[in-house]
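Trainee: attaching a predicted model along with its sequence, questions to come.
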2 protein chains.
Amino acid sequence: MAKVIALYKQPQDKEKFDEHYFKVHAPLTEKIPGLREMNVTKIVGSPMGKSEFYLLCEMVYDDMDALQTAMRTDEGKASGKDVMQFAGDLVTLMIGEEVDG
Amino acid sequence: MAKVIALYKQPQDKEKFDEHYFKVHAPLTEKIPGLREMNVTKIVGSPMGKSEFYLLCEMVYDDMDALQTAMRTDEGKASGKDVMQFAGDLVTLMIGEEVDG
């Protein structure tokens, strides 16, 4: 499996972030062709206490080809454009491949 | 589900990192009581090209109580001690809760 991983830092206004994330961004992202799974994790802290991070989202595709194809679709571009507009200063995007256990 | 997430920056010596990670650290971590799943993702880049990150590991527990209990076991402490020794300068640890989709 291949994944796009989006890691967001703590937003200044969590309520406003959540509103946009769950009502606009997630629905846009779920429309991306080829997306197999979308897993969202709220970061609640770290073993040492606080965390500078707020949310982690993993978007799973069958393989790297499917992921690359998906990112070039209109839906993929719309999701990418939206994230840069509402959280460009908070998000780190990564592309990864699952290691079989 | 509750998760411990470990995000590692690019190591200087990837071969040495992998050797310790997969032969020592992962087996130590898999022994933690209550651990339901351990998912490792190798970061291969970002939509913009390179990534400062190298590896993401998610350790999944039934709930936050199970996670907190697990971290206080001898096996949990051994895994935590090991990660700080071999990658203390590379790792960011987070605790998170999965958002139901």
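Mentor: Received it, and whenever you're ready, just let me know what you need. Numbering: from 1, shown residues only, chains lettered A, B, ... in the order given.
Trainee: and the host helix or strand of residue A:80, what does it pack against?
Mentor: For residue A:80, the element it lies in under DSSP states H and E is helix A:74-87. If you count contacts as 3 or more CB pairs under 8 Å, 6 or more residues apart in numbering or on different chains; DSSP states H and E, helix A:74-87 packs onto helix A:14-20, helix A:26-30, helix A:64-71, strand A:91-99. All C-beta atoms are positioned from the backbone trio N, CA, C, and that covers glycine.
Trainee: mind running it again at 7 Å?
Mentor: helix A:26-30 (3 or more CB pairs under 7 Å, 6 or more residues apart in numbering or on different chains; DSSP states H and E).
Trainee: in the helix holding residue A:80, what's buried?
Mentor: In terms of neighbour count (16 or more other CB atoms under 10 Å in any protein chain shown), helix A:74-87 has its buried residues at A:75-76, A:79-80, A:82-83, A:86-87.
Trainee: stretch A:22-33 now?
Mentor: A:25-26, A:28-29, A:32.
Trainee: including pLDDT and distance to chain B, could those residues go into CSV?
Mentor: Formatted as CSV, the buried residues of stretch A:22-33 follow (pLDDT from 0 to 100; distance: CB to the nearest CB, whole Å):
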residue, pLDDT, distance to chain B
A:25, 98, 13
A:26, 97, 8
A:28, 97, 14
A:29, 97, 11
A:32, 98, 13
